[in-house]
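**Student:** Okay, predicted coordinates and the sequence, questions at the end:
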Amino acid sequence: MGDVTRTSSVVILGGGPGGYEAALVAAHLGASVTVVDRDGIGGAAVLTDCVPSKTLIATADYLGGIETASELGVHLEDHEGDVATETVAELDAINRRVLSLAAAQSADITARLQEVGVRVVSGTGRLASPSEVVVEGTDGAIETISADVVLLSTGATPRVLPSAQPDGERILTWQQVYELPEIPDKLIVVGSGVTGAELAQAYLGLGTDVTLISSRDLVLPGEDQDAAAVIEDVFRRRGMTVLNRSRMASAERRGDGVVVTLEDGREVEGSHVLIAVGAVPNTRDIGLEEVGVELSESGHIVTDRVSRTSVRGVYAAGDCTGVFALASVAAMQGRTAMAHALGDAVTPLRLSAVSANVFTDPEIATVGMSAADAADNSDVEAVMMPLSRNPRAKMLGIAEGFVKLFAYRGTGTLLGGVVVAPRASELIFPVALAVANRLSVDQVASTFTVYPSLTGTIAEAARRLHPLHGE
Ligand SMILES: Cc1cc2nc3c(=O)[nH]c(=O)nc-3n(C[C@H](O)[C@H](O)[C@H](O)COP(=O)(O)OP(=O)(O)OC[C@H]3O[C@@H](n4cnc5c(N)ncnc54)[C@H](O)[C@@H]3O)c2cc1C
Ligand SMILES: NC(=O)c1ccc[n+]([C@@H]2O[C@H](COP(=O)([O-])OP(=O)(O)OC[C@H]3O[C@@H](n4cnc5c(N)ncnc54)[C@H](O)[C@@H]3O)[C@@H](O)[C@H]2O)c1
């Protein structure tokens, strides 16, 4: 939209990663920026979804580490010298820490925005025209803000089924669990997508009896199937009940607990139920249709690779676009939108190199091409190496997990990878660097790794993919 100019004004609707990262870039490029948010800067990512769930999981992991320490020859004793066999999680204290960390992060981001001159408005906004946002402030005041550029980054909300209405006490969305005063006796988790699987294992680790209602043959249907099989096996071995091919028809309170009725008529009883059956974009009743912003059938805002919508001057980023529901992708879309709108150098969004992580134990980290796409392409070769033979894994007591890599047969260009391991989220970065920069498996294999280290298996897998002449 022309040269970088100090006079461009930008209004951003929604202060999650899509919105606040865009605001920082726009301010840096000299625009006058306003961010409107109704729930708090940081958005659902910081306040209710990503950050709280990862903090809870970190706590559960810590507990798991104590419990498995005896395998390495160390244990806790009480004052009488007896072996302490039980760890106790105090959910109230855990939740207070989770929420205060989230609030602190929201405050940090708000302060950062204000430091660079971004105006933060607390209220609910709607698009009145391509260049106007009307805000109803939390104090009830109505304000119309004009802008050269509007970014829509309103995120998404837990999907609610009419037959399973959350009450915030026993029938819960993932955003309501941090109000629980005590560890639930028997938690039913409905939905084995990433949200359901992560939280089911977190509560299992905190000492809850967990039943996971999974609609498919295997948990985590969207993930690498070898990885999902490892995770489902770990779930069952640690005592979780996983009901495969089971769909919830309804959830209701009965007596002191809850009953989930499955579509085949079976009933599952518990003390609480957590419903994790996906999310819907926050795109209704905010003036989009009236202004002509194109929505998909699912209600997501249609965008191109530089985050433009169908209306000139109106951009969109994050979960409201349905591209990839990841904080990292939302942030990248937001930054890209501002670079494009304000005339800076812009790199269109490249989805072939997105890395993501499922924070189960072990974690599943992925980047680039998936196993399913690799299997469909005869030019692609795959290798999978278990971690159990890695010396560092043995020292750390890591029994399960693997590294999988995909590369072009002829050139050896690395296309993607999967790592299943504790802290796989950290281990995937070298693979992501290689994929993003189109390195060859030979380049990866000839890079020194530390001995002993889990990354040794990444280099070893790359070595196995060395292209042979004549193939
Ligand atoms: C349980 C869970 C765990 C997750 N964990 C991870 C993870 O580990 N890693 C990862 O990358 N991703 C994770 N995600 C996904 C990640 O949270 C989302 O992709 C991310 O929040 C998207 O950011 P966003 O900016 O699009 O929107 P959001 O973070 O949803 O923020 C949108 C903001 O807009 C505000 N808003 C909406 N409508 C209006 C309006 N009309 N006026 C004013 N304000 C409005 C909302 O109140 C909200 O504050 C997780 C998701 C869930 C559900
Ligand atoms: N670690 C992370 O990065 C992270 C964590 C959580 C969520 N997310 C993002 O959020 C997105 C949404 O994840 P999600 O898990 O909330 O939703 P999802 O849509 O991926 O999964 C919901 C699951 O619920 C199942 N389901 C739907 N109706 C059901 C019913 N009646 N009974 C039983 N099962 C039912 C679906 O088949 C699906 O498997 C993901 O794509 C992911 O990108 C990311």
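**Tutor:** Here it is on my side, so go on. Ligands and ions are numbered 1, 2, ... in the order given.
**Student:** Any idea how many residues pack against the nearest residue to Thr455 once chain neighbours are set aside?
**Tutor:** Setting aside the residues directly before and after it, Thr455 is nearest to Thr449 in space (CB to CB, 6 or more residues apart in numbering), at 4.7 Å. (Glycine included, C-beta is placed from N, CA and C.) As a burial measure, Thr449 scores 16 neighbours (other CB atoms under 10 Å).
**Student:** mind listing what Thr449 touches?
**Tutor:** Thr455, Gly456, Ile458, Ala459 (CB atoms under 8 Å, 6 or more residues apart in numbering).
**Student:** Is the second one in contact with Asn390, as I believe?
**Tutor:** Read it as Gly456. Yes: with contacts counted by CB atoms under 8 Å, Gly456 reaches Asn390, the gap being 6.1 Å.
**Student:** Same drill for those two, tell me which one is more crowded.
**Tutor:** Comparing Gly456 with Asn390 by other CB under 10 Å, the one with more neighbours is Asn390, at 24 against 18.
**Student:** For the more buried one, grab phi and psi.
**Tutor:** Torsion angles at Asn390 (phi, psi; degrees, to the nearest 10) stand at phi -80, psi 130.
**Student:** okay, it: pLDDT?
**Tutor:** The score at Asn390 is 98. That number is its pLDDT.
**Student:** and what of the one 10 residues further on?
**Tutor:** If you check Glu400, the pLDDT there is 94.
**Student:** so how many other residues sit close to Ser192?
**Tutor:** Residues contacting Ser192 under the criterion other CB under 10 Å number 28.
**Student:** mind listing what's buried in stretch 316-335?
**Tutor:** Using 16 or more other CB atoms under 10 Å as the test for burial, stretch 316-335 gives 316-327, 329-335.
**Student:** Can you pull out the residues in contact with it?
**Tutor:** So stretch 316-335 is in contact with 12, 14, 16-23, 25, 44-45, 50, 151-156, 279, 281-283, 293, 296, 298, 300-303, 307, 309, 336-337, 349, 351, 354-356, going by CB under 8 Å, 6+ apart.
**Student:** Now do the helices for the stretch 351-471 of the chain: every range, in order, please.
**Tutor:** 371-375, 391-396, 424-436, 441-445, 455-464 (DSSP state H, counting those that start in this stretch).
**Student:** and if you look at the chain?
**Tutor:** Ranges of helices within the chain are 17-28, 43-47, 50-68, 91-115, 194-205, 225-237, 288-291, 327-341, 371-375, 391-396, 424-436, 441-445, 455-464, based on DSSP state H.
**Student:** Mind checking the pLDDT average for the first one?
**Tutor:** Right, helix 17-28. 98.
**Student:** That helix near ligand 2 at all?
**Tutor:** No: with CB under 6 Å from any ligand atom as the criterion, ligand 2 is not reached by helix 17-28; the gap is at least 11.7 Å.
**Student:** in that helix, what's buried?
**Tutor:** Pro17, Gly18, Gly19, Tyr20, Glu21, Ala22, Ala23, Leu24, Val25, Ala26, Ala27.
**Student:** List the residues that contact the second one.
**Tutor:** Right, the one you point to is Gly18. Gly43, Leu151, Ser153, Gly155, Ala317, Gly318, Asp319, Cys320, Ala330, Ala331, Gln333, Gly334.
**Student:** try 6 Å
**Tutor:** Ser153, Ala317, Gly318, Ala330, Gln333, Gly334 (CB atoms under 6 Å, 6 or more residues apart in numbering).
**Student:** coming back round to it: out of the helices of the chain, nearest to ligand 1?
**Tutor:** Proximity to ligand 1 (CB to the nearest ligand atom) singles out helix 43-47 among the helices of the chain, at 2.4 Å.
**Student:** sorry, back to before: now the helices of the stretch 351-471 of the chain in CSV, with distance to ligand 1?
**Tutor:** Output for the helices of the stretch 351-471 of the chain, formatted as CSV (distance: least, CB to the nearest ligand atom, whole Å):
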stretch, distance to ligand 1
helix 371-375, 21
helix 391-396, 23
helix 424-436, 8
helix 441-445, 25
helix 455-464, 22
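**Student:** Dump these into TSV; add distance to Phe406 as well.
**Tutor:** Below are these laid out as TSV (distance: least, CB to CB, whole Å):
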stretch	distance to Phe406
helix 371-375	4
helix 391-396	22
helix 424-436	9
helix 441-445	10
helix 455-464	10
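**Student:** so which of these comes closest to Pro130?
**Tutor:** Nearest of the helices of the stretch 351-471 of the chain to Pro130, taken as CB to CB: helix 424-436 at 34.3 Å.
**Student:** With distance to Leu76 added, can I get the helices of the chain in a markdown table?
**Tutor:** Output for those, formatted as a markdown table (distance: least, CB to CB, whole Å):
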| stretch | distance to Leu76 |
| --- | --- |
| helix 17-28 | 39 |
| helix 43-47 | 34 |
| helix 50-68 | 7 |
| helix 91-115 | 19 |
| helix 194-205 | 17 |
| helix 225-237 | 22 |
| helix 288-291 | 56 |
| helix 327-341 | 36 |
| helix 371-375 | 41 |
| helix 391-396 | 19 |
| helix 424-436 | 27 |
| helix 441-445 | 41 |
| helix 455-464 | 32 |
